[in-house]
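Student: Show me how the following folds:
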Amino acid sequence: MYKQFLKPIIDFLLSLLGLILLSPLFLIVTLLLTIANGGKPFFIQPRPGRNSKVFHIIKFKTMNDKRDAQGNLLSDAARLTTVGKWVRKTSLDEIPQLINVLIGDMSLIGPRPLLTQYVHLYNEFQNRRHEVKPGITGWAQVNGRNAISWNEKFALDVWYVDHICLSLDIKILFKTLLKVIKREGINAADAATIEPFNGNY
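Tutor: Modelled structure (predicted):
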């Protein structure tokens with residue numbers, strides 16, 4: 001009942017309300033990132049959703065597109081702008097994903113959508129994370145986010161898939177708010193983002 005009917009309704013209503021309430025902040029961050037990133041405030045990328053169906057995730061762009069002399073992109077840490085660092089630490093980069101929730105590609109709560117190139121690397125257990133819509137936040141995010149290993153992340157994602165209920169989603173929502181306030185688990189140690197997944201986990 002909750003998973004099939006109530007959860008999608010809650011997702012739609014809360015994402016719509018969130019976009020309305022956060023619209024002034026949305027506009028301010030968009031302006032700051034437009035300046036910092038040379039006119040490119042948004043990061044749009046294909047990601048696998050429910051049943052691995054690809055959609056385009058929308059986030060605020062926290063890294064610029066600077067390249068080395070050979071034309072290769074610099075490291076994530078080198079491209080993370082001052083404004084982008086602040087946006088990421090406060091988790092404001094996630095706000096545009098409310099649009100993804102509103103149109104039905106994502107849920108407020110669920111396994112985070114990873115990169116499309118990882119899909120063929122998943123084993124049967126890991127691939128179970130795609131049995132539900134991906135979320136802006138999830139069980140793995142409130143239990144370590146980028147500070148935990150891939151094995152731990154997949155185990156937490158699949159545990160969520162098997163235990164979805166209203167009380168769990170409420171718990172994740174409140175734990176997410178605490179994580180944002182405390183700024184915990186934003187980055188893996190000594191890195192701007194978690195190390196790439198290569199299937200050897």
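Student: what does the longest helix belonging to the chain rub up against?
Tutor: Longest helix of the chain, by residue count under DSSP state H: helix 166-182. With contact meaning C-beta atoms under 8 Å, 6 or more residues apart in numbering, helix 166-182 is reached by 2, 6-7, 90-91, 108-109, 137-139, 141-142, 145, 160, 185. Backbone N, C-alpha and C define where each C-beta goes, glycine included.
Student: again, only using 6 Å
Tutor: For helix 166-182, contacts defined as C-beta atoms under 6 Å, 6 or more residues apart in numbering pick out 2, 91, 109, 137, 142.
Student: now, which of those residues sits nearest L25?
Tutor: Distance to L25, by C-beta to C-beta, is smallest for S91 among these, at 12.0 Å.
Student: Which pLDDT value belongs to the nearest residue to the closest one once chain neighbours are set aside?
Tutor: Distances taken as C-beta to C-beta, 6 or more residues apart in numbering put V180 closest to S91, at 4.8 Å, once the chain neighbours are dropped. We note a pLDDT of 80 for V180 in this prediction.
Student: What's the separation between V180 and D157?
Tutor: 20 Å (C-beta to C-beta, to the nearest Å).
Student: Can you say which two of the contacts of helix 166-182 are spatially most distant?
Tutor: Using C-beta to C-beta, the two most remote members of those are Y2 and S91, lying 25.7 Å apart.
Student: Please say which of those two ends up with more neighbours.
Tutor: Neighbours per residue (other C-beta atoms under 10 Å) separate Y2 from S91, with S91 holding more: 19 against 14.
Student: And that one, what's its pLDDT?
Tutor: Note on S91: pLDDT of 85.
Student: Tell me the one among the contacts of helix 166-182 nearest to L32.
Tutor: S91 (15.5 Å).
Student: Distance from the chain centre to the lowest-mean-pLDDT helix or strand in the chain, please.
Tutor: When the helices and strands of the chain are compared on mean pLDDT, DSSP states H and E, helix 76-79 comes out lowest with a mean of 83. When C-alpha coordinates are averaged (C-alpha atoms, centre = their mean, to the nearest Å), helix 76-79 and its chain have centres 18 Å apart.
Student: What is it packed up against?
Tutor: Contact analysis of helix 76-79 by 3 or more C-beta pairs under 6 Å, 6 or more residues apart in numbering; DSSP states H and E lists no helix or strand as a packing neighbour.
Student: remind me which residues of the chain are low pLDDT?
Tutor: 146, 184-194, 200-201 (pLDDT under 70).
Student: For the residue of it most remote from its centre, pull up the helix or strand it's in.
Tutor: Computed with C-alpha atoms, centre = their mean, the residue of the chain farthest from its C-alpha average is A69, at 31.4 Å. Under DSSP states H and E, no helix or strand contains A69.
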